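Undergrad: Attaching a predicted model along with its sequence, questions to come.
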Amino acid sequence: MTFAWPEMLWLLLFAPALIAAYVWSLRRQKKNALRYANLGLVKDALGRRQRFRRHIPPLLFLTAMVATIFAIARPSAIITLPSDQRTTLLVMDVSLSMRASDVKPTRIAAAQIAAKAFVQEQPADVRVGIITFAGTASVVQPPTHNREDLVAAIDRFELQRHTAIGSGIIVALATLFPDEGIDLESILFPSGSAAARGHGVPIDKKRDAEKKPFKAVAPGSNTSAAIILLTDGRRTTGPDSLEAAKMAADHGVRIYTVGFGMPGGGVADMDGYSMYMAFDETTLKAIAEVTRGEYFHAASASELNKVYQGLNARLVLEKKETEIGALSIAAAMVMLLAAGVLSLSWFNRIG
């Protein structure tokens with residue numbers, strides 16, 4: 001637990017002072033009672049239960065005061081709450097290496113099965129979009145609540161040459177922030193817009209002309225959207241992956257990266273040929289770090305399923321540092337009310 005105003009905790013020193021004042025008051029009352037009555041008769045009149053009861057309202061009042069001081073100090077704690085994540089983009093590698101059969105039945109088939117399960121487990125109010133990348137990136141399914149459309153989009157994956165991780169990230173950002181007019185044409189296709197249209201990347205000149213000025217935010221501060229990026233290779237073309245990740249960080253979007261296969265490399269069979277393949281684990285970790293996301297490694301279909309299951313739980317429920325002063329105030333009010341009710345019920349007075 002942390003406190004925004006820890007200096008206010010000095011007020012807790014009043015608690016021992018109040019306890020001392022209460023004990024002094026009890027002793028004074030005892031002396032006055034002895035002055036006018038027999039001690040045995042007083043004890044018999046009060047009874048053990050009655051003597052215990054008289055201390056409960058003051059104890060509740062003291063506890064309420066301590067809770068109020070805690071609230072004044074503005075305490076915060078890490079608690080698990082429903083996530084605000086309402087748009088999730090799956091950015092998936094469809095390069096030719098995903099055809100390898102070292103993961104049964106193939107890497108791409110295992111990835112598709114895991115992605116479908118992830119989509120089906122998302123809450124109904126969460127929109128999911130799907131983007132694929134190889135030599136460039138394409139939006140195969142804009143964010144939607146329709147799970148059938150998402151599954152159909154996953155089934156339509158087509159493998160292509162090369163691996164452009166940065167392109168996948170930038171197209172994902174353009175999908176999340178359509179009003180910003182991210183210039184995909186100049187970033188992904190500096191040679192001209194024809195190539196962009198040929199790969200299904202939307203280019204809207206009018207929107208680009210009307211785009212709003214962009215102001216960077218703190219990395220990881222966007223709690224309404226997240227990107228999950230899966231790849232089994234390393235960048236061979238397209239924008240620099242880390243520069244694209246910095247764009248995501250400036251938008252506050254977290255990227256959860258998944259390396260599929262063996263990070264150190266391994267031999268995989270592709271159409272009867274043995275090929276050595278490895279993904280860039282260092283870059284994937286850096287992408288996750290710069291965006292305040294997290295990196296995961298999956299070397300098999302079962303491990304990939306576990307990664308997606310963990311991500312699903314993480315995006316539905318997340319741990320947040322939350323100010324809990326209101327809870328302290330509520331507890332203090334309940335205890336003050338209880339102290340007053342008990343005092344009136346037992347002694348026909350308050351205090």
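TA: Ah, there it is. All values reported here derive from a predicted model rather than from experimental measurement.
Undergrad: All the strands of the chain, residue numbers only.
TA: 2-3, 75-82, 87-93, 127-133, 137-144, 225-231, 254-260, 266-270, 273-277, 295-298, 317-323 (DSSP state E).
Undergrad: mind checking which of these is nearest Glu185?
TA: Glu185 sits nearest to strand 137-144 of all the strands of the chain, at 13.1 Å, using CB to CB. Glycine gets a C-beta too; all of them are placed from N, C-alpha and C.
Undergrad: before we move on, the earlier item: so which of the strands of the chain comes closest to Ala174?
TA: Nearest to Ala174, of all those, is strand 137-144, at 8.4 Å by CB to CB.
Undergrad: In a markdown table, list the strands of the chain along with mean pLDDT.
TA: Formatted as a markdown table, these follow (pLDDT from 0 to 100):
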| stretch | mean pLDDT |
| --- | --- |
| strand 2-3 | 80 |
| strand 75-82 | 66 |
| strand 87-93 | 95 |
| strand 127-133 | 95 |
| strand 137-144 | 94 |
| strand 225-231 | 94 |
| strand 254-260 | 94 |
| strand 266-270 | 63 |
| strand 273-277 | 71 |
| strand 295-298 | 93 |
| strand 317-323 | 64 |
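Undergrad: Mean neighbour count and distance to Trp346 for the ones you listed - can I get that in a markdown table?
TA: Converted to a markdown table, the strands of the chain look like this (neighbours: other CB atoms under 10 Å; distance: least, CB to CB, whole Å):
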| stretch | mean neighbour count | distance to Trp346 |
| --- | --- | --- |
| strand 2-3 | 14 | 36 |
| strand 75-82 | 12 | 33 |
| strand 87-93 | 24 | 57 |
| strand 127-133 | 24 | 58 |
| strand 137-144 | 20 | 61 |
| strand 225-231 | 26 | 56 |
| strand 254-260 | 26 | 56 |
| strand 266-270 | 15 | 77 |
| strand 273-277 | 12 | 78 |
| strand 295-298 | 20 | 60 |
| strand 317-323 | 13 | 36 |
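Undergrad: Save those as a markdown table, and put in distance to Val307 too.
TA: Output for these, formatted as a markdown table (distance: least, CB to CB, whole Å):
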| stretch | distance to Val307 |
| --- | --- |
| strand 2-3 | 31 |
| strand 75-82 | 20 |
| strand 87-93 | 12 |
| strand 127-133 | 16 |
| strand 137-144 | 21 |
| strand 225-231 | 9 |
| strand 254-260 | 6 |
| strand 266-270 | 19 |
| strand 273-277 | 19 |
| strand 295-298 | 5 |
| strand 317-323 | 17 |
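Undergrad: Out of these, flag the one nearest Leu26.
TA: Proximity to Leu26 (CB to CB) singles out strand 75-82 among the strands of the chain, at 32.2 Å.
Undergrad: Of the strands of the chain, which is nearest Ala218?
TA: Per CB to CB, nearest to Ala218 of the strands of the chain: strand 254-260, 11.5 Å.
Undergrad: which helices and strands sit right next to that closest one?
TA: Counting contacts by 3 or more CB pairs under 8 Å, 6 or more residues apart in numbering; DSSP states H and E, strand 254-260 packs against strand 225-231, helix 241-250, helix 281-290, strand 295-298, helix 301-316.
Undergrad: Okay, now the sheet partners of that strand, with direction.
TA: Paired with strand 254-260 in the same sheet, following DSSP bridges, are strand 225-231 (parallel), strand 295-298 (parallel).
Undergrad: This completes my enquiry, with thanks.
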